[in-house]
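Colleague: I'll drop the sequence and a predicted model, then ask my questions.
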Amino acid sequence: MERLTPAKRRVGARAEGPAVREKFLLFRVGDEIYGMGLRGLREVLLSDGVSSLPAPPYQVCVALAYRGRKLPVICMRALFEVPPAGAAGTERVLLTQGRGRPLGLLVDEVLEMAEVDPARITPLPALATLLDPACFRGLFARQDRIILLVNEDGLGGFDEVVQFYAAGA
Amino acid sequence: MAVHAESNPPVVAAAEASVLMFLVAGKQLAVDMDRVQQILEYQPPTRTPRRPSSVEGIIRHKGRYLPVVSLRRRLGVEEPGPASSAILLLSGIGQDPLVGLTVDQVLRVLSLQPDKLPPPPPRVFGIRVEFIRGVVNAGGRPVVWLDVVKLLTSAEPITLLA
């Protein structure tokens, strides 16, 4: 059997290649940290362009005035049933795409970016939430914290978002 | 500290069953020892969004992510449990391979003969018979042997009586 010289070992290591890591934007809702894939993210906006929608039917969605259009924004506190809190000034709208259409997520604070090996992303336990599992891509652990990753396409299929676009709001 | 239930299985006769006895809100309760894979010290779970009322969240254990159910909350007890409670890792409950169940204090393992247990009354401590496998006596006090699968897969509200 041929013995690998240090040079050959380096070549071999390069051929295997490093694990492809995916980038996520981490944000806070209540006391917990969540993440969203960077691929679909278009902009991070201040929340001052957000206005409420009539309830019913809208319990979770608000509207964002954006370049002469109104876009649906999911208030993540409402979706996650985190009790409302007063404005802290750190709230942001993450403007992304859900099912091919613009979608905003209103979060409490944008934290940082994280790179994660996709192999480390695990599905949520079935008992963990009553929300549609399609709303989540999975979870991973980082520095002793468990971070849930939202799935923009799943959120884009949320009833109120579908209704928003159907109504041509 | 993690107590491995598998590492020291109790010796029982074929007709006997082993149950793990514990305390919740002062009541002696028990679950099948066969379902208990491990006993962990309590660690605060990560709270998950819009979770069932009895679910505390998820914990990470040996690289796996497990949902944690509060037995206090499942039994309708509002007051929080002691800080030094325990998490039982149970298998064969619903869709998740392992589910954590928080209890106030682990007491001991009992051997009993299910065939010789009298039928339980319609309710014990406010828990309906549907969720009870039997009632045994330990130290002059009743121990309710729970049907933990039915208890954790049912949404029926329960109010543990004081």
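Modeller: Here it is on my side, so go on.
Colleague: out of everything not next to it in sequence, what's closest to residue 33?
Modeller: All of this refers to chain A. Closest residue to residue A:33 apart from its sequence neighbours, by Cβ to Cβ, 6 or more residues apart in numbering or on different chains: residue A:147 at 5.2 Å. (C-beta placed from N, C-alpha, C; glycine too.)
Colleague: My question was about chain B, not that one.
Modeller: Nearest one to residue B:33, counting by Cβ to Cβ, 6+ apart, is residue B:18 at 3.8 Å.
Colleague: Okay, and the one you found sits in which element?
Modeller: In this structure, residue B:18 sits in strand B:17-24 according to DSSP states H and E.
Colleague: Spatially central residue (nearest the centroid) of chain A, please.
Modeller: Centroid-nearest residue in chain A: residue A:36, 2.7 Å away (criterion: Cα atoms, centre = their mean).
Colleague: Adjacent strands (with direction) for whichever helix or strand it is part of?
Modeller: Assigned by DSSP H and E, residue A:36 belongs to strand A:32-37. Strand A:32-37 sits in its sheet next to strand A:22-29 (antiparallel), strand A:145-150 (parallel), going by DSSP bridges.
Colleague: related to what we said a few turns ago, hmm, residue A:27 and the residue nearest to the centre of chain A touching each other?
Modeller: Yes. Residue A:36 is within contact range of residue A:27, at 7.0 Å (criterion: Cβ atoms under 8 Å).
Colleague: which residues touch whatever residue of chain A ends up closest to chain B?
Modeller: Closest to chain B within chain A is residue A:80: 3.3 Å, counting by Cβ to the nearest Cβ. Going by Cβ atoms under 8 Å, 6 or more residues apart in numbering or on different chains, residue A:80 touches A:29-30, A:131, B:49-50.
Colleague: Most neighbours out of those, which is it?
Modeller: residue B:49 (23 neighbours; other Cβ atoms under 10 Å in any protein chain shown).
Colleague: what pairs with the strand holding residue B:18, and is each one parallel or antiparallel?
Modeller: strand B:27-32 (antiparallel), strand B:105-112 (antiparallel).
Colleague: Quick test: name the residue nearest the centre of chain B.
Modeller: Centre-nearest of chain B using Cα atoms, centre = their mean is residue B:31, 5.3 Å out.
Colleague: what about the residue nearest to that residue when sequence neighbours are not counted, neighbour count?
Modeller: Nearest residue to residue B:31 in three dimensions, chain neighbours excluded: residue B:148, at 4.5 Å (Cβ to Cβ, 6+ apart). For residue B:148, the number of neighbouring residues by other Cβ under 10 Å comes to 25.
Colleague: how close does residue B:148 sit to residue B:71?
Modeller: 9 Å (Cβ to Cβ, to the nearest Å).
Colleague: Could you check the pLDDT of the residue nearest to residue B:103 when sequence neighbours are not counted?
Modeller: Using Cβ to Cβ, 6+ apart and skipping the chain neighbours, the partner closest in space to residue B:103 is residue B:22 (4.2 Å). Among the per-residue scores, residue B:22 holds a pLDDT of 98.
Colleague: mind listing what residue B:22 touches?
Modeller: B:28-31, B:86, B:88, B:103-107.
Colleague: Identify the bridge partners of it.
Modeller: Going by DSSP bridges, residue B:22 forms beta bridges with residue B:29, residue B:106.
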